[in-house]
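Undergrad: with the sequence up front, the predicted model follows.
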Amino acid sequence: MKKTGLTFLELMLTLTIFAVVAVTVYSTFGTGLSAWRRAQKTQQLYQDVRMGLNRIACDLENAVFYSEKEDFPNFAGTGSKVSFYSLMDDYRIIPVHPELRKITYSLDESTQILQRLEQTLPLPEEGEEVEAEAQEALAEKVAALKFFYCYEDKEDNESYKWLDTWNNTEEIPQGIRIELALEEAGEVPFTKYVFIPIGEKGQEK
């Protein structure tokens, strides 16, 4: 009777084929898993940016003219930083009671983090520091953040113009354009326009 079975050579060949298939499958799975993880991180990053921009818009839409004192910075803005006074809903109080806060948005260039600083009112006397009540990191890997400020030029047929900075102590801008670029993008992928419904009609000073 003839014996049947695998020879040593056939066994080695079978194991080699199985190993090649296993390595191929594992490599394909690993590549797909890495791509999925990168996609998840990118998606989370974009989601944080969108939520951060919406947070800025919400605060700006509630911006108010706080003080009529001469040279008081009711609304101050540069290309990468903006500070203003906004009504915040305090949900710790029933019924909900809006409270005034000083809000500052800026980009920490060393860490590339979009930050939000909330300060308590009333303000101290001139020259004294205001202690921060809350500071939040809204988004990471932000390569650039720019603010532009809209005002109505009454001397030019009531047309609207944009400024790179806002230092008008008598009025607040009517609108803000926010441009935010991520570290991984070569262009400005996020642009948001915010209208301030209670803003005074401004003019360039």
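TA: Cool, the structure landed. Bear in mind the structure is a predicted one, so any value in this text is a computation, not a measurement. Residues are numbered from 1 along each chain as shown.

Undergrad: how about the secondary structure of Leu107?
TA: Following DSSP: H, G, I helix; E, B strand; the rest coil, we place Leu107 in the strand state.

Undergrad: distance across stretch 66-83, terminal residue to terminal residue?
TA: 12 Å (Cα to Cα, to the nearest Å).

Undergrad: how many other residues sit next to Tyr151?
TA: The number of residues packed near Tyr151 is 23, by other Cβ atoms under 10 Å. Bear in mind the C-beta positions are built from the backbone N, C-alpha and C, glycine included.

Undergrad: name the helix or strand for the residue positioned nearest the centre of the chain, please.
TA: Centroid-nearest residue in the chain, with Cα atoms, centre = their mean: Gly52, separated by 3.6 Å. Element membership of Gly52 [criterion: DSSP states H and E] is helix 8-61.

Undergrad: list the helices and strands the helix or strand just after that helix packs on?
TA: Scanning forward in sequence from helix 8-61 by DSSP H and E, the next helix or strand is strand 63-64. With contacts taken as 3 or more Cβ pairs under 8 Å, 6 or more residues apart in numbering; DSSP states H and E, strand 63-64 sits against strand 81-90.

Undergrad: which positions within the strand it packs on qualify as buried?
TA: For strand 81-90, burial by neighbour count (16 or more other Cβ atoms under 10 Å) applies to Val82, Ser83, Phe84, Tyr85, Ser86.

Undergrad: the residue nearest to the centre of the chain reaches Ile113, doesn't it?
TA: No. Counting by Cβ atoms under 8 Å, Gly52 does not reach Ile113; the two are 10.2 Å apart.

Undergrad: show me whatever sits in contact with both of those two.
TA: Leu138, Ala139 (Cβ atoms under 8 Å, 6 or more residues apart in numbering).

Undergrad: rewinding a little: nearest spatial neighbour of the residue nearest to the centre of the chain, chain-adjacent residues omitted?
TA: In space, and not counting its chain neighbours, Gly52 is closest to Leu138: 3.6 Å by Cβ to Cβ, 6 or more residues apart in numbering.

Undergrad: kind regards, and thank you for your time.
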